[in-house]
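Colleague: sequence first, predicted model second:
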There are 2 protein chains.
Amino acid sequence: MASEAGDDGLDDRYLVQPVLKAMQVLQLVCEALEPVSLNQIVRDAALPKTTVFRYLRTLAMLGFVEHDPEADRYRPGIGLWRLSHASSPYETLRQACKPSMKRLRQRFNETINLGVLSGGEVVYLDVLESERSLRMQSSVGATDPLHCTALGKVFLAFRPPAQRAMLIPPVLPRLTRNTITDPAALIEQLDIIRTTGYAIEMGENEEGSYCIAAPILDHQGIAIAAMSLSAPITRFDEGARQAICAGLISAGGEISRIIRGEPPALTNEATRAA
Amino acid sequence: MASEAGDDGLDDRYLVQPVLKAMQVLQLVCEALEPVSLNQIVRDAALPKTTVFRYLRTLAMLGFVEHDPEADRYRPGIGLWRLSHASSPYETLRQACKPSMKRLRQRFNETINLGVLSGGEVVYLDVLESERSLRMQSSVGATDPLHCTALGKVFLAFRPPAQRAMLIPPVLPRLTRNTITDPAALIEQLDIIRTTGYAIEMGENEEGSYCIAAPILDHQGIAIAAMSLSAPITRFDEGARQAICAGLISAGGEISRIIRGEPPALTNEATRAA
DNA sequence: CCATTCGGTTCCTCCTGAAGGAACGTGCCT
DNA sequence: AGGCACGTTCCTTCAGGAGGAACCGAATGG
């Protein structure tokens, strides 16, 4: 297990350049809002034209990009989509959580998020937005730091101390006035979270918003995902908090059980309340 | 616009081997049902161990695979998932069609499919299975030929003749007794399909099943996607056919309008019937 | 307790084949 | 007509990808 610093091994020693560059090109094609031309990619990627040309051809043959012969534009192909759907645990998870998330949104009419931990960050797998005009919005695929989000705290809390330590950098960047920047204070909070079963964040990531999250646990009690509710801090209210926590925790528990292929659980919770 | 044969240019001249091989490795990781070890991939990919090792490291750095240090296993990472969700037209389309598809399934209690045309094949973007025990099932990401599926016929029918010609191979492989193997006969049928607005297939792809499909059209009247209903041929019934066709066509039209950002249309069709 | 094996990692050399400059053809705009 | 912009092709060079072989650590078994 190589590794050089405390983080996990990045080892630029064994990286294959062509693959790296080709993926950079693929990313540019995928992130563009509309089909792009060869030259646009050349500009953005800062790679020689010939090189980009070859990559695009290769990616096209693989079905990762599609080439529109009319306008000589490239756009994302189904190849990627198919790969990411082939046995992808993420799609499965998202599917599994959808019903609970819908129920939660309906019940509280606030934005419900589903996130996983990856690369030391929270990655949003799904977001169901509230229907109110003032609402929290983030987008699928976006990321946020661990230390200042409710989801992130859940991931840290429900994780073996060894791994947890690697995920908490010695200096926690301050995003708002409320951001916890002291690792010791954070770790202290994690113990509480593990006890109570939910995490809360009040304007620590973004001024004026709060977020409550509960874990989805695997059989070892490690959080493989988490669901959260986020809303403007002005709508925060102690009464609602109780209900929200209970709702998130029970939904999370429900899904945990499904994930582990366990008993479908008694049908007393996670009901289609209104 | 290179191209050599009548098909579209595959030009193995400009292909970058490392990218090809790395994607092969990625595919193996993604298609595996559970995390795989380095050696398993080496076996399956028939590539030298060192080479696979380097690719895995590179892919891991990009987040396309994830490396579990405990068991030294590789599994698909979120990188792929994120890319395929970044502005992917496919996810958007799938999202947009979901409600209509649900309504159709509920109304007819048969399997409803959503497909796009890609690489000269039908690719299934979504499948909602009927709840009956005897039902058609295919899976998201799978493919089928054009000439023997209702979806495929729709794609051919609603497409400029020039492109259509390129998509119909001179010899149509026979899959069942009913498969149309004469290109002329197929083309003849396409004219009817374009007139009536739906395509039907009776045991031409698989013995004992039928399928009815209607297009989702862009502003040029080209089918960018299509929805279909498939069921055992034993449940086919002329009365139902009428209703199914009408339902598919109106749902398709509805989505076409949404896609084009057009008026939300009068709310007389695609109602939540039961 | 040592021997053996197996999987992952590292090293090193060879030579492929990726890179990228430059030239070419084409269509569009001026 | 002339000139740009863009995609494609050609050709040369040498970086760096390939892969054999050796190394290491853990698990297995005698």
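Modeller: On my side now, so go ahead.

Colleague: count the neighbours of A:G63 for me.
Modeller: A:G63: 18 surrounding residues under other Cβ atoms under 10 Å in any protein chain shown. No exception for glycine: its C-beta is placed from N, CA and C like everyone else's.

Colleague: for it, helix, strand, or coil?
Modeller: Local secondary structure at A:G63 is given as coil here, using DSSP: H, G, I helix; E, B strand; the rest coil.

Colleague: looking at it, it is touching A:P76, isn't it?
Modeller: No - using Cβ atoms under 8 Å, A:G63 is not in contact with A:P76, being 10.0 Å away.

Colleague: quickly find the element holding A:L186.
Modeller: Applying DSSP states H and E as the criterion places A:L186 in helix A:183-196.

Colleague: relative to the whole chain's centre, how far out is that helix?
Modeller: In terms of Cα atoms, centre = their mean, to the nearest Å, the centre of helix A:183-196 is found 21 Å from the chain centre.

Colleague: pLDDT on it, on average?
Modeller: Mean pLDDT, helix A:183-196: 95.

Colleague: list the neighbouring strands of the next helix or strand after that helix plus their orientation.
Modeller: Note on helix A:183-196: by DSSP H and E, the next helix or strand toward the C-terminus is strand A:199-202. Paired neighbours of strand A:199-202 in the sheet (DSSP bridges): strand A:209-217 (antiparallel).

Colleague: relative to the whole chain's centre, how far out is the strand it pairs with?
Modeller: Averaging C-alpha positions (Cα atoms, centre = their mean) puts strand A:209-217 12 Å from its chain's average.

Colleague: in PDB, could you pull the C-alpha coordinates for the helix holding A:L186?
Modeller: Listed in PDB are the C-alpha atoms of helix A:183-196, where the atom choice follows Å, rounded to 0.1, in the frame of the first residue of the first chain:
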ATOM      1  CA  PRO A 183     -10.500  19.600  14.800                       C
ATOM      2  CA  ALA A 184     -10.800  18.800  18.500                       C
ATOM      3  CA  ALA A 185     -14.200  20.500  18.700                       C
ATOM      4  CA  LEU A 186     -15.300  18.700  15.600                       C
ATOM      5  CA  ILE A 187     -14.300  15.300  17.000                       C
ATOM      6  CA  GLU A 188     -16.100  16.100  20.200                       C
ATOM      7  CA  GLN A 189     -19.200  16.800  18.200                       C
ATOM      8  CA  LEU A 190     -18.900  13.500  16.300                       C
ATOM      9  CA  ASP A 191     -19.300  11.600  19.500                       C
ATOM     10  CA  ILE A 192     -22.600  13.200  20.200                       C
ATOM     11  CA  ILE A 193     -23.700  12.600  16.600                       C
ATOM     12  CA  ARG A 194     -22.900   8.900  17.000                       C
ATOM     13  CA  THR A 195     -25.000   8.800  20.100                       C
ATOM     14  CA  THR A 196     -28.000  10.700  18.900                       C
END
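
Colleague: what residues does that helix touch?
Modeller: Identification of contacts with helix A:183-196 by Cβ atoms under 8 Å, 6 or more residues apart in numbering or on different chains yields A:147, A:153-154, A:156-158, A:164, A:168, A:170, A:172, A:180, A:199, A:245.

Colleague: make a markdown table from the residues you listed and add neighbour count and pLDDT to it.
Modeller: Output for these, formatted as a markdown table (neighbours: other Cβ atoms under 10 Å in any protein chain shown; pLDDT from 0 to 100):
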| residue | neighbour count | pLDDT |
| --- | --- | --- |
| A:H147 | 25 | 96 |
| A:K153 | 30 | 97 |
| A:V154 | 34 | 97 |
| A:L156 | 25 | 96 |
| A:A157 | 25 | 96 |
| A:F158 | 25 | 96 |
| A:R164 | 16 | 88 |
| A:I168 | 16 | 92 |
| A:P170 | 6 | 90 |
| A:L172 | 18 | 94 |
| A:I180 | 18 | 96 |
| A:A199 | 30 | 97 |
| A:C245 | 19 | 96 |
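
Colleague: out of these, who's nearest B:I258?
Modeller: Comparing these against B:I258 with Cβ to Cβ places A:V154 closest, at 36.4 Å.

Colleague: so which bits of stretch A:249-268 are buried?
Modeller: A:I249, A:S250, A:A251, A:G252, A:G253, A:E254, A:I255, A:S256, A:I258, A:I259 (16 or more other Cβ atoms under 10 Å in any protein chain shown).

Colleague: tell me who's in contact with the third one.
Modeller: What that stands for is A:A251. With contacts defined as Cβ under 8 Å, 6+ apart, the neighbours of A:A251 are A:S100, A:M101, A:R103, A:L104, A:A214, A:M227, A:A270.

Colleague: hang on, the earlier thing: nearest to A:V127, of the buried residues of stretch A:249-268?
Modeller: The shortest approach to A:V127 among these belongs to A:A251, at 15.5 Å (Cβ to Cβ).

Colleague: how much does whichever helix or strand that closest one is part of deviate in direction from helix A:183-196?
Modeller: For A:A251, the host element (DSSP H and E) is helix A:238-259. Angle between the axes of helix A:238-259 and helix A:183-196 is 70 degrees (criterion: axes from the mean of the first three to the mean of the last three Cα atoms, to 10 degrees).

Colleague: can you give me how far helix A:238-259 is from the chain middle?
Modeller: Taking Cα atoms, centre = their mean, the mean C-alpha location of helix A:238-259 is offset from the chain mean by 19 Å.

Colleague: again, but for stretch A:73-83
Modeller: Taking Cα atoms, centre = their mean, one finds the center of stretch A:73-83 at 22 Å from the center of the full chain.

Colleague: okay, the contacts of A:A251 in a markdown table with distance to B:L20 next?
Modeller: What follows is the contacts of A:A251, written out as a markdown table (distance: Cβ to Cβ, whole Å):
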| residue | distance to B:L20 |
| --- | --- |
| A:S100 | 41 |
| A:M101 | 39 |
| A:R103 | 45 |
| A:L104 | 44 |
| A:A214 | 44 |
| A:M227 | 39 |
| A:A270 | 47 |
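
Colleague: which of the residues you listed tops the neighbour count?
Modeller: Neighbour tally across the contacts of A:A251 (other Cβ under 10 Å): the maximum, 31 neighbours, falls on A:A214.

Colleague: residue at max distance from the center of chain A?
Modeller: Distance from the C-alpha centroid of chain A, by Cα atoms, centre = their mean, peaks at A:E70 (37.2 Å).

Colleague: mind putting the contacts of helix A:183-196 into CSV with secondary structure?
Modeller: Shown next, in CSV, are the contacts of helix A:183-196 (three-state DSSP):
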residue, secondary structure
A:H147, coil
A:K153, helix
A:V154, helix
A:L156, helix
A:A157, helix
A:F158, coil
A:R164, helix
A:I168, coil
A:P170, coil
A:L172, coil
A:I180, coil
A:A199, strand
A:C245, helix
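
Colleague: show me the two of those residues that sit farthest apart.
Modeller: Largest separation among the contacts of helix A:183-196 by Cβ to Cβ: A:P170 and A:C245, giving 31.0 Å.

Colleague: below-threshold pLDDT in the stretch 151-274 of chain A: ranges please.
Modeller: For the stretch 151-274 of chain A, the stretches flagged by pLDDT under 70 are A:263-274.
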